[in-house]
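[1] next comes the sequence, and after it the predicted model I'd like to discuss.
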Amino acid sequence: MISQRSLSLGLPTSFKEQYLGTVGYLAIFFFSIAAVMLTPAQRLPWAAVVCLLAAALVYPQAFRSLMRLRWLVMIGLMALPPLFLIGDLDRSLAGIPYSSEGLLSGMQIALRVLVVLVAIQGMTSSVDISSVAGLLERAGMHGLGFSVGVALNLLPGLLQSAQNAWRSLWMRGGLRKQRLRGLRLLAVTIIAGALSRAEEIALAAEARAFLPECARSMPIKIGKLDWAILAVSLPGLLAFVFIPV
Amino acid sequence: MKLSTRELATLAVFGALWGLVEISLGALLKTLNIPLSGVVLAAIGLTIALVGRAFVPRRGSTLFIGVIATLLKLFSLGGVILGPMVGILTEALVAEIVLSMLGRPRRSGFVLAGALGVAWVLLQPFVTGPLLFGRTVFTVWLDLLDRGNQLLGLDPSAAIWIVAALLAIHLAIGAVVGWLSWDIARLLQVRLGRPVTSTNIL
């Protein structure tokens, strides 16, 4: 019987868990973005193929989540206009004239959008927010890990309190007259509530002798191949950008 | 930049608020394809960031709020759109640069930061379009004129007028954002009974 597992593409999960960590995933992400941004047009298809192959190996699920109508429409909307706007309308398809130069340009745009979307989708599904915060902390944004943790903790409560405040204002007719004043009061109510919650969190952290300057940075998952991927991606990027085929 | 625990928690609140607006309202506005949705989101986001700056009047605090909001947007479900993330970061960066250059928080600084932050929404496609998606500046320019034509009813041949009108609208909305942020921050500090010091807003 064919199971979903037997149909899955890409590297096995156990391999990825052991050999790929945050640095590796981020290296692939930045390589993909930089490659499609910097590679000259004539070598772009090669760069895009390499990026998409890497994505298919490391995070094949990114392709599946992009097969949604809104993404396809977005890619189409960005790639189609050059067909009619760039160059002379020297060809036609089913009676609709288009430009061959525009067709090339449209294909390049579609490739870039596809690579960028796959790279972001893949990266966000493979790396967790605390790892990225940990990396940024190590890069000099001290306390970011703590702040991101607090922000994540606050989100559900904030959403609830914002909804409550909005409903209260709406039910009492606060937006019928003096709308600007009503909106200002809404903002004040939501922010005041959130600040009180933040005060409680800060007090709890201080009571446990938490000091941002003494706190350890958020842990980062390191895989065995992370540094190798980083070492390969940098010269690979330079090769795409500078070496003519 | 070394921040205390309270300052970090306060920045987290404002980052979470901006992130929440981008995740919930942002997704809704983009889905409904409402005109000037970018301006609405930038206006709300910058209001939050500027009020945050009034509560933590230290260099880098506005950017810090922007980074938190960007991370929340990046890791939100279905939020894989590069434009808003670049937008949040650059708006925060623009506001940060203006406020850091002007030193002590004051209303004029907030108004200028808000105006330039919202004006970035108009310029962003010219940067992200060619850099990230390979679109030509000409295509982005035509899109801008088309949008101006639809919104203002001006003829596309009056390009200069369309751009000037759009820029004026963005700057005016941003200035109102800065003005309102200052008022909201002052109101909040009074309501919360926060001590009013020379570095604070009153």
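    Nice, thanks for sending it over.
[2] quick one: low-confidence ranges for chain B?
    Residues of chain B meeting the criterion pLDDT under 70: B:1, B:77-81, B:134, B:195-202.
[3] that one: helices as residue ranges?
    B:5-21, B:27-32, B:37-55, B:61-74, B:82-102, B:107-133, B:137-152, B:159-192 (DSSP state H).
[4] same thing with chain A?
    Counting by DSSP H, chain A has helices at residues A:4-7, A:13-19, A:22-38, A:44-58, A:61-66, A:69-79, A:81-85, A:100-126, A:129-138, A:144-171, A:179-207, A:226-242.
[5] turn these into TSV, columns for mean pLDDT, mean neighbour count and distance to chain B.
    (Glycine included, C-beta is placed from N, CA and C.) TSV is the format used below for the helices of chain A (pLDDT from 0 to 100; neighbours: other C-beta atoms under 10 Å in any protein chain shown; distance: least, C-beta to the nearest C-beta, whole Å):
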stretch	mean pLDDT	mean neighbour count	distance to chain B
helix A:4-7	46	7	22
helix A:13-19	77	12	19
helix A:22-38	87	21	5
helix A:44-58	89	18	8
helix A:61-66	78	17	8
helix A:69-79	79	14	6
helix A:81-85	79	20	6
helix A:100-126	85	21	5
helix A:129-138	79	21	5
helix A:144-171	87	18	4
helix A:179-207	85	17	4
helix A:226-242	87	15	14
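[6] export these as a markdown table, with columns for distance to B:S108.
    Shown next, in a markdown table, are the helices of chain A (distance: least, C-beta to C-beta, whole Å):
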| stretch | distance to B:S108 |
| --- | --- |
| helix A:4-7 | 61 |
| helix A:13-19 | 53 |
| helix A:22-38 | 37 |
| helix A:44-58 | 46 |
| helix A:61-66 | 46 |
| helix A:69-79 | 39 |
| helix A:81-85 | 41 |
| helix A:100-126 | 38 |
| helix A:129-138 | 32 |
| helix A:144-171 | 29 |
| helix A:179-207 | 20 |
| helix A:226-242 | 44 |
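[7] so which of these gets nearest B:T139?
    Ranking the helices of chain A by their distance to B:T139 (criterion: C-beta to C-beta) puts helix A:81-85 first, at 5.8 Å.
[8] and the closest one, how far out from the chain's middle?
    28 Å (C-alpha atoms, centre = their mean, to the nearest Å).
[9] just checking, what packs against that helix?
    With contacts taken as 3 or more C-beta pairs under 8 Å, 6 or more residues apart in numbering or on different chains; DSSP states H and E, helix A:81-85 sits against strand A:96-98, helix A:100-126, helix B:137-152.
[10] what comes up buried for the shortest one?
    Buried residues in strand A:96-98, defined by neighbour count with 16 or more other C-beta atoms under 10 Å in any protein chain shown: A:Y98.
[11] got it, and the last one?
    The neighbour-count check on helix B:137-152 (16+ other C-beta under 10 Å) flags B:139-140, B:144-145, B:147-149 as buried.
[12] for chain A, tell me which of those show up nearby.
    Residues of the buried residues of helix B:137-152 in contact with chain A (C-beta under 8 Å from any C-beta of the partner chain): B:T139.
[13] show me which of the buried residues of helix B:137-152 is closest to B:L102.
    For the buried residues of helix B:137-152, the nearest to B:L102 is B:L144 (29.9 Å; C-beta to C-beta).
[14] quick one: contacts for the nearest residue to A:I28 once chain neighbours are set aside?
    In space, and not counting its chain neighbours, A:I28 is closest to A:A54: 5.6 Å by C-beta to C-beta, 6 or more residues apart in numbering or on different chains. For A:A54, the contacting residues are A:28, A:31-32, by C-beta atoms under 8 Å, 6 or more residues apart in numbering or on different chains.
[15] same thing with A:I33?
    For A:I33, the contacting residues are A:115-116, A:119, B:132, by C-beta under 8 Å, 6+ apart.
[16] correct me if wrong: B:A42 contacts B:G117.
    Yes. Taking C-beta atoms under 8 Å as the definition, B:A42 is a contact partner of B:G117 at 6.4 Å.
[17] circling back to that earlier point, of all the helices and strands packed on helix A:81-85, which one is nearest A:G21?
    Distance to A:G21, taken as C-beta to C-beta, is lowest for helix A:100-126 among these, at 9.9 Å.
[18] got a markdown table for the helices and strands packed on helix A:81-85, with distance to A:L77 too?
    Shown next, in a markdown table, are those (distance: least, C-beta to C-beta, whole Å):
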| stretch | distance to A:L77 |
| --- | --- |
| strand A:96-98 | 16 |
| helix A:100-126 | 10 |
| helix B:137-152 | 10 |
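[19] so which of the ones you listed gets nearest B:I23?
    helix A:100-126 (13.0 Å).
[20] list the helices and strands that closest one packs on?
    Counting contacts by 3+ C-beta pairs under 8 Å, 6+ apart, helix A:100-126 packs against helix A:22-38, helix A:44-58, helix A:61-66, helix A:69-79, helix A:81-85, helix B:107-133.
[21] so which of the ones you listed is nearest A:A139?
    Among the helices and strands packed on helix A:100-126, helix A:22-38 comes nearest to A:A139, with 11.6 Å by C-beta to C-beta.
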